[in-house]
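Novice: Sequence first, predicted coordinates after that:
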Amino acid sequence: MALQDAKRIVCKVGTSTLTYPNGRLHIRRIEKLVRVLSDFKNSGKDVILVTSGAIGVGATRLGLDERPRDTRMMQAAAAVGQVELMYLYDKLFLSYGQVVAQILMTRILTDHDSTRQNLVNTFETLLSLGVIPVVNENDSVAVEELEEEAMAFGGNDTLSAVVAVLVQADALVLLSDIEGLFDKNPREAPDACLIPVVESVDERVRASAGGAGSTLGTGGMVTKLEAAEMVTKNGIDMVIMDGSDPEKLYALFDGKQVGTYFPANPKGERT
Ligand SMILES: Nc1ncnc2c1ncn2[C@@H]1O[C@H](COP(=O)(O)OP(=O)(O)O)[C@@H](O)[C@H]1O
Ligand SMILES: N[C@@H](CCC(=O)OP(=O)(O)O)C(=O)O
């Protein structure tokens, strides 16, 4: 399906896009993102927002100097930051007449058929009611997802791919702090070139991906490529693009070349 025709979109926004380097909310950017997503909603699309930021924003609110690393502090920070995030989203989406709902997920929920089906039912019901679901990991209770190994393996890039498959989205957009996937990590190699289209995530593509570029983000390109593999084989298009100007989403869904595009595998089957 061409991106212009995408009816159901999942948009994931990373911590480094949502916050300033000092950890405080980047209100102007979030306002723009909410306006664009509300406009998409008004145009008839189903919109799901997967948001990071709870731990980073909570840490700042608690006066911590840096993003916490130990589980207890991360859980506490997430509990504080999630409220601040949802308060802002609710307020901003409401100003465009949109109703939001919070869904906090853990991996256990999607690993079991009955809880997975419950989640699907919840998403479908919310979407049929015209609501915009706002999703994050339930960081305050999902201990195993917060520990370093599991977090590096997953995080919200993976979560957004799982959500896109669950709701059988047409497209997943990852808003990052960089324009897309480069042939090598541009933070280390200034001559790196943007790759506009990735038909298949093979060894060569995988070799180009490095880890997170800031102390705020987690996962870097490694987890984004894993997300791409998961969604494209399920018949869903994916795009990695710069989140600093959310209005570029208009160009993307008008069919223009923006960021790095991972077309759905034509043989991809919707589960
Ligand atoms: N090949 C690559 N192309 C682009 N970015 C890369 C690449 N390899 C590693 N990176 C890093 O991935 C970062 C984006 O991921 P991440 O830090 O998780 O941020 P976010 O949460 O905003 O998506 C970039 O800022 C960059 O430092
Ligand atoms: N769930 C965590 C974010 C996890 C994550 O993947 O973060 P990011 O790399 O900024 O998208 C939080 O809300 O702080």
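Specialist: That came through, no problem. Predicted model, so just to flag it, every value in this text is computed and none were measured. Ligands and ions are numbered 1, 2, ... in the order given.
Novice: I'd guess residue 169 is in a strand, am I close?
Specialist: No: per DSSP: H, G, I helix; E, B strand; the rest coil, residue 169 lies outside any strand segment and is coil.
Novice: need the contact list for it.
Specialist: Shown in contact with residue 169 (Cβ atoms under 8 Å, 6 or more residues apart in numbering): 6, 8-10, 48, 163, 231, 236. Bear in mind the C-beta positions are built from the backbone N, C-alpha and C, glycine included.
Novice: List only those of these flagged as buried.
Specialist: 6, 8-10, 48, 163, 231, 236 (16 or more other Cβ atoms under 10 Å).
Novice: Ligand 1: which of the residues you listed is nearest?
Specialist: Within the buried ones among the contacts of residue 169, the smallest distance to ligand 1 is 14.5 Å, found for residue 10 (Cβ to the nearest ligand atom).
Novice: what secondary structure does the closest one sit in?
Specialist: Counting by three-state DSSP, the backbone at residue 10 sits in strand.
Novice: before we move on, back to that, now the contacts of residue 169 in CSV, with pLDDT?
Specialist: Shown next, in CSV, are the contacts of residue 169 (pLDDT from 0 to 100):
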residue, pLDDT
6, 97
8, 98
9, 98
10, 98
48, 98
163, 97
231, 97
236, 98
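Novice: Helices along the stretch 51-200 of the chain, start to end?
Specialist: 54-61, 71-95, 107-111, 113-128, 143-146, 148-153, 155-166 (DSSP state H, counting those that start in this stretch).
Novice: Farthest pair within the buried ones among the contacts of residue 169?
Specialist: Farthest apart among the buried ones among the contacts of residue 169 by Cβ to Cβ are 6 and 163. That separation is 15.1 Å.
Novice: and the stretch 1-150 of the chain, which residues reach ligand 1?
Specialist: Listed as neighbours of ligand 1 in the stretch 1-150 of the chain under the rule Cβ under 6 Å from any ligand atom: 14-17.
Novice: May I see the residues you listed arranged in TSV, with secondary structure as well?
Specialist: Shown next, in TSV, are these (three-state DSSP):
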residue	secondary structure
14	coil
15	helix
16	helix
17	helix
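Novice: Just flag the most distant two among the residues you listed.
Specialist: Pairwise distances across those peak at 7.3 Å for 15 and 17 (criterion: Cβ to Cβ).
Novice: could you dump the contacts of residue 169 to JSON lines with distance to residue 185?
Specialist: What follows is these, written out as JSON lines (distance: Cβ to Cβ, whole Å):
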{"residue": "6", "distance to residue 185": "29"}
{"residue": "8", "distance to residue 185": "32"}
{"residue": "9", "distance to residue 185": "28"}
{"residue": "10", "distance to residue 185": "26"}
{"residue": "48", "distance to residue 185": "29"}
{"residue": "163", "distance to residue 185": "27"}
{"residue": "231", "distance to residue 185": "23"}
{"residue": "236", "distance to residue 185": "26"}
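Novice: Helix or strand with the lowest mean pLDDT in this protein?
Specialist: Lowest by mean pLDDT, DSSP states H and E among the helices and strands of the chain is helix 148-153, with a mean of 40.
Novice: quick one on the thing from earlier: list residues touching both of residue 15 and residue 17?
Specialist: Shared contacts of residue 15 and residue 17, defined by Cβ under 8 Å, 6+ apart, are absent.
Novice: In contact with the closest residue to residue 96 other than its chain neighbours, which residues are there?
Specialist: In space, residue 96 comes closest to residue 38 once its chain neighbours are excluded; the distance is 3.6 Å by Cβ to Cβ, 6 or more residues apart in numbering. Under the criterion of Cβ under 8 Å, 6+ apart, the neighbours of residue 38 are 93, 96-98, 132.
Novice: one more time with 10 Å
Specialist: Counting by Cβ atoms under 10 Å, 6 or more residues apart in numbering, residue 38 touches 47, 92-98, 132.
Novice: helix/strand/coil for it?
Specialist: helix.
Novice: Where does pLDDT dip in the chain?
Specialist: Scanning the chain for pLDDT under 70 picks out the ranges 143-154, 211-219, 267-271.
Novice: again, 50 this time
Specialist: Scanning the chain for pLDDT under 50 picks out 148-153.
Novice: for ligand 2, what are the nearby residues on it?
Specialist: Applying Cβ under 6 Å from any ligand atom, one finds that the chain approaches ligand 2 through 14-15, 52-56, 78, 136-137, 139, 155-156, 217-219.
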